[in-house]
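Asks: predicted model and sequence follow; I will ask about them next.
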Amino acid sequence: RREGYDVTVDQYPYNASSTTMDSNVPLWGFEGGMEKMLQRLQTSEIREQLKAESNASHVGRWGDIFVSYAESEKNAWTIGKSIAEIAEIRSVDPADACFDLIVEEKGRVNEVNYGMCEEDIEYIMSQRFTMIGSDGYAASMDYPGLPHPRWYGTFPRVIAHYCRDRRLFPLETAIYKMTGLPAARLGLPDRGLVKEGMWSDLVLLDFENIQDTPDYNSPKSACKGILKVYVNGVLTAENGVHTGAKSGKILRKGRKGR
């Protein structure tokens, strides 16, 4: 940015990331696709090579990686447990515990991975070019497993914790980071601002009482303090209850949202 490049940042307000468990397999293990990777994990000599590399890169890290979703009922017991815990229960090497899950679930196993510090989160969020994004799915409250709380609590958390409680920036800045700035960045000219001619996507919130209630142990929880939500001018949620209205639109860059 100092050199004149147009660089912006997006961020979610948590100290853990979330992805698929196979992200712990060295990159070369994926050559040829998922099926080839699963075959390599079941080939003793190749698996030992992959395991050695994973353990070398994960020193002190296996205890920070928790299973958030496993597709089979067989491995449902692993949800909420770290790879280190699973390895101890199964009496195997941590990399083996990870690889076994990937093979048994055919890759359909996800993780929550603790790897960030609060000081960095606040420093990055304070920058004027940082936008807020959940990096999650729009999932219902009955989604299986223990997904990352960012799916449910990202935006209220920024307002409640970092704006109101930590006072990193005023409310209008918090809102702009979630609305006007990303809309402009994504090329959505009729979204993101309260202004004549714009689509009225509006949230009425109680600033003093808004609170993100989702956490890593209980992520599927409705946030507090959101009174009304309007999507394209239609009342869609009131006091935490969905009205049944479905007035949203698919938004495409550079096109009007009508």
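Replies: Here it is on my side, so go on.
Asks: rest of the way, CA atoms for contacts and neighbours
Replies: Will do.
Asks: verify the stated contact: Leu235 with Ala245.
Replies: Yes - counting by CA atoms under 8 Å, Ala245 is a contact partner of Leu235 at 7.2 Å.
Asks: compare those two (neighbour count), which wins?
Replies: Leu235 (19 against 12; other CA atoms under 10 Å).
Asks: looking at this, that one is in a strand?
Replies: Yes - counting by DSSP: H, G, I helix; E, B strand; the rest coil, Leu235 falls inside a strand.
Asks: any idea how far Ala183 is from Arg191?
Replies: According to CA to CA, to the nearest Å, Arg191 stands 6 Å off from Ala183.
Asks: more neighbours, these two?
Replies: Remark: of Arg191 and Ala183, Arg191 carries more neighbours, 22 against 19, as counted by other CA under 10 Å.
Asks: the more buried one looks like it's in a helix, true?
Replies: No - Arg191 sits outside any helix when classified using three-state DSSP, being coil.
Asks: show the backbone phi and psi for it.
Replies: phi -130, psi 160 (degrees, to the nearest 10).
Asks: does it really touch Leu202, like I thought?
Replies: No - using CA under 8 Å, Arg191 makes no contact with Leu202, being 10.5 Å away.
Asks: ranges for the helices of the stretch 51-200 of the chain?
Replies: 83-90, 94-104, 118-126, 150-157, 171-178, 180-185 (DSSP state H, counting those that start in this stretch).
Asks: check the ones you listed for me and report the most buried one.
Replies: Mean neighbour count (mean count of other CA atoms under 10 Å) peaks for helix 150-157 among the helices of the stretch 51-200 of the chain, with a mean of 23.
Asks: compute the inter-axis angle for that helix and helix 171-178.
Replies: 150 degrees (axes from the mean of the first three to the mean of the last three CA atoms, to 10 degrees).
Asks: what's the average pLDDT for helix 150-157?
Replies: Regarding helix 150-157, the rounded mean pLDDT is 97.
Asks: and that helix, how far out from the chain middle?
Replies: Chain-centre distance of helix 150-157: 9 Å, with CA atoms, centre = their mean, to the nearest Å.
Asks: same check on stretch 99-108?
Replies: On the basis of CA atoms, centre = their mean, stretch 99-108 sits 21 Å off its chain's mean C-alpha point.
Asks: contacts for it?
Replies: With CA atoms under 8 Å, 6 or more residues apart in numbering as the test, stretch 99-108 has contacts from 20-22, 25, 34, 38, 41-42, 69-72, 75, 109.
Asks: just checking, Ser134 touches Tyr12?
Replies: Yes - Ser134 is in contact with Tyr12 according to CA under 8 Å; the separation is 5.4 Å.
Asks: about what we covered before: of the contacts of stretch 99-108, which is the most crowded?
Replies: Going by other CA under 10 Å, Ala70 tops those with 26 neighbours.
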